[in-house]
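K.L.:
the following comprises the amino acid sequence and a computationally predicted model.
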Amino acid sequence: MAPLRMPVLRGSPCLALGAPQPGLRARPGRGAAVVRAAKTADGPSVAIAGVTGAVGQEFLRVLKERDFPYSKLKPLASARSAGKHVQFDGQDIVVEELTADSFKDVDIALFSAGGSITKKFAQAAIDSNCMIVDNSSAFRMTDGVPLIIPEVNGEDMAGYKVGKGGIIANPNCSTIIALMAVTPLHKAAGVERMVISTYQAASGAGQAAMDELVLQMREFLDGKEVTKEIFPLQYAFNLFSHNSPITDTGYNEEEMKMVKETHKIWKDPDVKVTATCIRVPVMRAHAESINLQLKNPLTESEARAALNSSPGVSIIDDRENNRFPTPLDATSRDDVYVGRVRRDISRGDDKGLDLFVCGDQIKKGAALNAVQIAELLL
């Protein structure tokens, strides 16, 4: 694939990790930033590529929840979905076929149509001065393409604005959820090594996987042979290694995404990251067990204080009642939930922590993060 031809973007120097980001404001209560506006004649025109998928539908909900300013919304999908209708902001809008000409009147395009589709149409969008926010892995590790979690490294978008063609990548959902929780601790004490075990929901494999999980549960409880079209193994009442391809190292691609993306987002190739990613029969929120080896001491109370002051992070850590984050707590919520914050007793110092994290894969792990990126483009 030929390299993308993107305009040179110039902006202010990068800010320190964790510093407040320009244009990033806390929404009422706890949580991530929000731009408050609505449909407006001078707002950007917005396209959603892959609008009929699970993340595409979530894009619509999040744009409305956050009153994203827009002048026009263009829903795009494959030829087989063209002509369908979507509901948005009181409007009934016809879905158009995604083509190279789709972006001539679009300022911001939110892509969740798969990496091959992004690669096929990205240059046409950029040539039309459209700014792409892409949810696929197509350009995440491409030099010069920012990989952004707004609360973590929004400063890496300096110089990217509406009216300039370019592409910004949304990280992998598991990476977003992990780094939302771990970056405040990294800022406070420095992470030397991170060991992650993920428990990933059906939503990560799309709406079809979610539908099949429901079907399998019904079939299993009825004593029937379960349908296995999305995964080769039974998903209901079972768990198995993440279905992404295994690499030469023995790690699967999902695990290696977490390693490589953490290095890029933190700008620290020396931090040691290892991951084991597992599919579990949960509908749409991922859980992660994380062990940290720190460069400097950090007590449990200091860790909780750092987490508690971080936008987009909420703590559920009630030892007395054995109440900690669950996927249901995070489902359809903006925040990433953190609990089980405890000193690593395998060490004889305060340089080790364990924590348990839950976040909605479709929302903060995909659509919300992308819309927050789009807000920073305004």
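P.N.:
Good, I have the coordinates.
K.L.:
mean confidence score for stretch 124-144?
P.N.:
Stretch 124-144 comes out with an average pLDDT of 96.
K.L.:
with stretch 361-374 instead?
P.N.:
Stretch 361-374 comes out at a mean pLDDT of 98.
K.L.:
and it, how far apart are its ends?
P.N.:
18 Å (CA to CA, to the nearest Å).
K.L.:
surely residue 335 touches residue 316?
P.N.:
No - Residue 335 is beyond contact range of residue 316, at 10.1 Å (criterion: CB atoms under 8 Å). To be clear about C-beta, it is placed using only N, CA and C from the backbone, and glycine gets the same treatment.
K.L.:
those two: which has the busier surroundings?
P.N.:
Taking neighbours as other CB atoms under 10 Å, residue 335 and residue 316 compare with residue 335 leading, 24 against 16.
K.L.:
if you drop the residues flanking it in sequence, what lies closest to the more buried one?
P.N.:
residue 314 (4.3 Å; CB to CB, 6 or more residues apart in numbering).
K.L.:
now for the one you found, how many residues are close by?
P.N.:
Residue 314, neighbours per other CB under 10 Å, totals 21.
K.L.:
then the one 5 residues further on?
P.N.:
The tally of other residues near residue 319 (other CB under 10 Å) stands at 11.
K.L.:
do the same with residue 195
P.N.:
15.
K.L.:
also the one 3 residues further on?
P.N.:
Here the number of neighbours of residue 198 (other CB under 10 Å) works out to 26.
K.L.:
can you give me the distance of it to residue 109?
P.N.:
Distance, residue 198 to residue 109, by CB to CB, to the nearest Å: 29 Å.
K.L.:
do the same with residue 149
P.N.:
Taken as CB to CB, the span from residue 149 to residue 109 is 20 Å.
K.L.:
the two: who's more crowded?
P.N.:
residue 109 (28 against 24).
K.L.:
and the residue of the chain most remote from its centre, which of the three is it?
P.N.:
In the chain, residue 223 marks the outermost C-alpha relative to the chain mean, sitting 36.9 Å out by CA atoms, centre = their mean. Following DSSP: H, G, I helix; E, B strand; the rest coil, residue 223 is assigned to coil.
K.L.:
per-residue confidence for the residue lying closest to residue 215 once chain neighbours are set aside?
P.N.:
Of all residues not flanking residue 215 in the chain, residue 227 sits nearest, at 5.5 Å (CB to CB, 6+ apart). At residue 227, the pLDDT value in this model is 98.
K.L.:
now swap in residue 344 and tell me
P.N.:
98.
K.L.:
so what's it up against?
P.N.:
291, 292, 293, 352, 353, 354 (CB atoms under 8 Å, 6 or more residues apart in numbering).
K.L.:
then residue 315?
P.N.:
Going by CB under 8 Å, 6+ apart, the list of residues near residue 315 reads 304, 307, 308, 337, 338, 339, 341.
K.L.:
what separation do you get for it and residue 93?
P.N.:
Applying CB to CB, the value for residue 315 to residue 93 is 40 Å.
K.L.:
do the same with residue 323
P.N.:
In terms of CB to CB, residue 323 sits 43 Å off from residue 93.
K.L.:
okay, those two: which has more neighbours?
P.N.:
residue 93 (17 against 12).
K.L.:
so what's residue 229 closest to, chain neighbours aside?
P.N.:
In space, residue 229 is closest to residue 212, 6.3 Å off (CB to CB, 6+ apart).
K.L.:
now the strand or helix carrying the one you found: buried residues?
P.N.:
Using DSSP states H and E, residue 212 sits within helix 207-221. Buried residues in helix 207-221, counted by 16 or more other CB atoms under 10 Å: 207, 209, 210, 212, 213, 215, 216, 219, 220.
K.L.:
same list (those residues) but as CSV, adding pLDDT.
P.N.:
Below are these laid out as CSV (pLDDT from 0 to 100):
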residue, pLDDT
207, 93
209, 96
210, 96
212, 98
213, 98
215, 98
216, 98
219, 98
220, 98
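K.L.:
from the residues you listed, which is closest to residue 47?
P.N.:
residue 207 (20.2 Å; CB to CB).
K.L.:
hang on, the closest one packs against residue 55?
P.N.:
No - when contacts are counted by CB under 8 Å, residue 207 is not listed as touching residue 55 (9.0 Å).
K.L.:
end-to-end on stretch 102-115?
P.N.:
Note: stretch 102-115 ends 18 Å apart using CA to CA.
K.L.:
tell me the spacing between the closest residue to residue 175 other than its chain neighbours and residue 137.
P.N.:
In space, and not counting its chain neighbours, residue 175 is closest to residue 261: 4.4 Å by CB to CB, 6+ apart. Distance of residue 261 to residue 137, computed by CB to CB: 9 Å.
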